[in-house]
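In: Let's see this in three dimensions:
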Amino acid sequence: MDNIYFTYFAELDPSQQSQGQPQPMLGLDILQFNTEDEMMNIDFDRAHFQDEGELSEVEMYEGAGTCYARDGVTFLDLFDADKYAEHRKENLFYPFASREEWEVADFLLCSPLSMAAINQFLGLPMLLCVYSEWLTSDSAWMIQDQLPRGATVLGTVLSSDKMNITNMTGARVTHPLLLGLANIHMSTCTKLSSRAFLLTALLPIPEYLYPKQRMWGMLEDHLMHECLSIVLKPLMIAAEIGIMMSDPVGNVRHCFTPLAAYIVDTLEAFVGVQELDFHISILQPTVGYHHFHGGISKLKQVMGRVHRDIQCYIIGLIAGAAPHRFVVAICALMDVWYMAQSPPPDENFLAHIDRSLSIFHENKEIILSLGAQMGMKKPINNWFIPKLKLMQSITASSRKVGALIQWSADTTEHAHISEIKDPAWHTNNNDYDPQICRHLDHQEKL
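Out: Predicted structure coming up:
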């Protein structure tokens, strides 16, 4: 920058001003500045220019407003002192997720739209909350809010279910505990060939000496909880205080491992009679559809695939033969089953599920009156069915843990093949548990 020359004129002699002679200037100083900052720091004894080239003197009024200190609080100080200031360091538009969301809110605030029109606009699907992965759920965000800043949430998924090792003889049963990670993308986790679940432990299967079977279930539950508290103790500690872990690219993170979901199978209850079995058995086999030549009431180890195959026939078989309210109740129940499997449910979709569930409850009594709800040996005259009770929490669970399809037992039941049955083929058919574990250890080290 070029040097700046500035001439400072002192006050003129009054006696010389009245003689009309050229006015010499007293105390003429020519100052030289190398930068603008040096020029701004100079003190001109309160002199300033009103017009270009004109000098004036400011007379201060005694007792006028005075600045007592320069450490007062400004609006920006208050803005940066609220509880959300830390969030705005990374996101200037907090509590909005992005600039785009802020622009939408700003437009609606300044627009002439009525509140009714704004509510209608906010109800459009493009602005609905969509629940897909576990990390989009309310519980994942709530957990993240409770953790220290910079912590990483690793949601753990557990699954346990008894299974037969031998198909024909031996009656060998095992109880595997599988462990998965909720952070894995849903499309990868639900793919049967992805092997997203690993064998963590083989839980004991007790043999009872006590003759009364009503005590067996309670004793087995206590034993299982005790085993889980031992096996999962490292995860519990990491969920409480965290643990330093390396991610796949080598970054060290402070990780917490809360339980995201526990996948278990529940008891079955069939809706049907012998006549329904007969009608299903005589259906013409169709390419692409499963044919139940022996009916459905005596099926064992019914998995999700079998349920879906039955649903292809059930409404067509009972329509016109069963009372209207019976058909409505079964149709509403199937609507709930199908909609609950939606990968990205939004708020409107969850509202449809609640409405279908209400329709089922309004018409369900006719199922009991016809004696169509069957247990293992006789009709059931109540609605104390675990799976039906769990259906009341479909919408709440979707908001809490994301799309329910990612917690399907189909994936974990298929994982039994790679984690239990395949290793069992390499054993001598005796003392399965340690041989299965050793085989998996060898596979992992290859």
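
In: Is His293 in contact with Ser281, as I believe?
Out: Yes: with contacts counted by CB atoms under 8 Å, His293 reaches Ser281, the gap being 5.5 Å. Bear in mind the C-beta positions are built from the backbone N, C-alpha and C, glycine included.

In: So which of the two has more stuff around it?
Out: Ser281 (13 against 9; other CB atoms under 10 Å).

In: give me every residue that touches that one.
Out: Phe292, His293, Gly294, Gly295 (CB atoms under 8 Å, 6 or more residues apart in numbering).

In: which residues does Met244 contact?
Out: Val252, Arg253, His254, Cys255.

In: Checking it next. Helix, strand or coil?
Out: Secondary structure, DSSP: H, G, I helix; E, B strand; the rest coil: Met244 is strand.

In: Name whatever forms a beta bridge with it.
Out: His254 (DSSP bridges).

In: Next, find the distance separating it from Phe384.
Out: 47 Å (CB to CB, to the nearest Å).

In: Please apply the same query to Glu220.
Out: Distance from Glu220 to Phe384, by CB to CB: 20 Å.

In: Not counting sequence-adjacent ones, nearest residue to the residue nearest the centre of the chain?
Out: Geometric centre of the chain, nearest residue: Ser137, 2.4 Å, by CA atoms, centre = their mean. Excluding its sequence neighbours, the residue lying closest to Ser137 (CB to CB, 6 or more residues apart in numbering) is Gly402, at 4.2 Å.

In: burial measure for that neighbour, as a count.
Out: Applying the criterion other CB under 10 Å, we find 29 residues in the vicinity of Gly402.

In: which residues does Ala69 contact?
Out: Counted by CB under 8 Å, 6+ apart, Ala69 has zero contacts.

In: Can I take it that it is in a strand?
Out: No: counting by three-state DSSP, Ala69 is located in no strand; its state is coil.

In: thought Leu135 was touching Asn183?
Out: Yes: with contact defined as CB under 8 Å, Leu135 reaches Asn183; the gap is 6.6 Å.

In: residues shared between the contacts of these two?
Out: The contact lists of Leu135 and Asn183 share Val153, Gly155, where a contact means CB under 8 Å, 6+ apart.

In: now the strands for the stretch 151-300 of the chain?
Out: With strands called from DSSP state E, counting those that start in this stretch, the stretch 151-300 of the chain shows them at 152-153, 156-160, 163-164, 173-181, 198-203, 243-246, 252-256, 259-263, 270-271.

In: Ser358: which of those is closest?
Out: strand 270-271 (18.9 Å; CB to CB).

In: coming back round to it: show me which of Glu220 and Phe384 is the more surrounded one.
Out: More crowded of Glu220 and Phe384, by other CB under 10 Å: Glu220, with 16 against 8.

In: Just confirm Thr427 contacts Gln435, I think it does.
Out: Yes: if you go by CB under 8 Å, Thr427 and Gln435 touch, sitting 4.1 Å apart.

In: got a winner among the contacts of Met244 for most neighbours?
Out: Cys255 (18 neighbours).

In: ok, it to Ile241 distance?
Out: From Cys255 to Ile241 the distance is 11 Å (CB to CB).

In: And for Cys110?
Out: On the measure of CB to CB, Cys110 and Ile241 end up 48 Å apart.

In: and if you look at Ile143?
Out: 14 Å.

In: Comparing these two, which shows the higher neighbour count?
Out: Ile143 (17 against 9).

In: Am I right that the more buried one is in contact with Thr152?
Out: No: with contacts counted by CB under 8 Å, Ile143 stays clear of Thr152, the gap being 11.1 Å.

In: what touches both of these two?
Out: By CB under 8 Å, 6+ apart, the residues touching both Ile143 and Thr152 are Phe256.

In: for stretch 292-299, the distance to its chain's centre please.
Out: 39 Å (CA atoms, centre = their mean, to the nearest Å).

In: what does stretch 181-201 give?
Out: For stretch 181-201, the distance to the chain centre is 16 Å (CA atoms, centre = their mean).

In: again with stretch 190-207
Out: On CA atoms, centre = their mean, the centre of stretch 190-207 falls 23 Å from that of its chain.

In: Kindly report the same for stretch 342-359.
Out: Centroid separation for stretch 342-359 versus its chain: 18 Å, with CA atoms, centre = their mean.

In: begin at 9 from here
Out: Taking 9 as the first residue, the last one we looked at is stretch 350-367.

In: Buried residues, it. List them.
Out: Neighbour-count burial for stretch 350-367 flags Ser350, Pro351, Pro353, Asp354, Glu355, Phe357, Leu358, Ile361, Ser364, Leu365, Ile367 (criterion: 16 or more other CB atoms under 10 Å).

In: Then stretch 138-151?
Out: Tyr139, Ser140, Glu141, Trp142, Leu143, Thr144, Ser145, Ser147, Ala148, Ile151.

In: Those in strands, which ones?
Out: Among the buried residues of stretch 138-151, the subset assigned to strands under DSSP state E is empty.

In: Select from those every entry located in helices.
Out: Ser147, Ala148, Ile151 (DSSP state H).

In: got a markdown table for those residues, with distance to Met342 and pLDDT too?
Out: Below are these laid out as a markdown table (distance: CB to CB, whole Å; pLDDT from 0 to 100):
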| residue | distance to Met342 | pLDDT |
| --- | --- | --- |
| Ser147 | 28 | 90 |
| Ala148 | 30 | 91 |
| Ile151 | 34 | 93 |
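
In: Closest one to Asn371 out of the residues you listed, please.
Out: For these, the nearest to Asn371 is Ser147 (33.1 Å; CB to CB).

In: Surely the closest one and Lys408 touch.
Out: Yes: counting by CB under 8 Å, Ser147 touches Lys408, with 4.7 Å between them.

In: anything in contact with each of these two?
Out: With CB under 8 Å, 6+ apart, Ser147 and Lys408 have no common neighbours.

In: what residue ranges in this structure score low on pLDDT?
Out: 9-64, 133-136, 175-179, 274-283, 305, 308-312, 382-384 (pLDDT under 70).

In: Look up which helix or strand Ile375 falls in, please.
Out: Under the criterion of DSSP states H and E, Ile375 resides in helix 373-377.

In: Quick check: buried residues in that helix?
Out: Neighbour-count burial for helix 373-377 flags Ile374, Ile375 (criterion: 16+ other CB under 10 Å).

In: and for stretch 354-371, what are the contacting residues?
Out: Against stretch 354-371 from outside (CB under 8 Å, 6+ apart): 133, 136-139, 333-334, 336-337, 340-341, 343-344, 347-348, 350, 353, 399-400, 402-403, 406-407.

In: Show me where the stretch 259-408 of the chain has its helices.
Out: 282-289, 312-319, 322-326, 332-348, 355-371, 373-377, 394-398, 402-409 (DSSP state H, counting those that start in this stretch).
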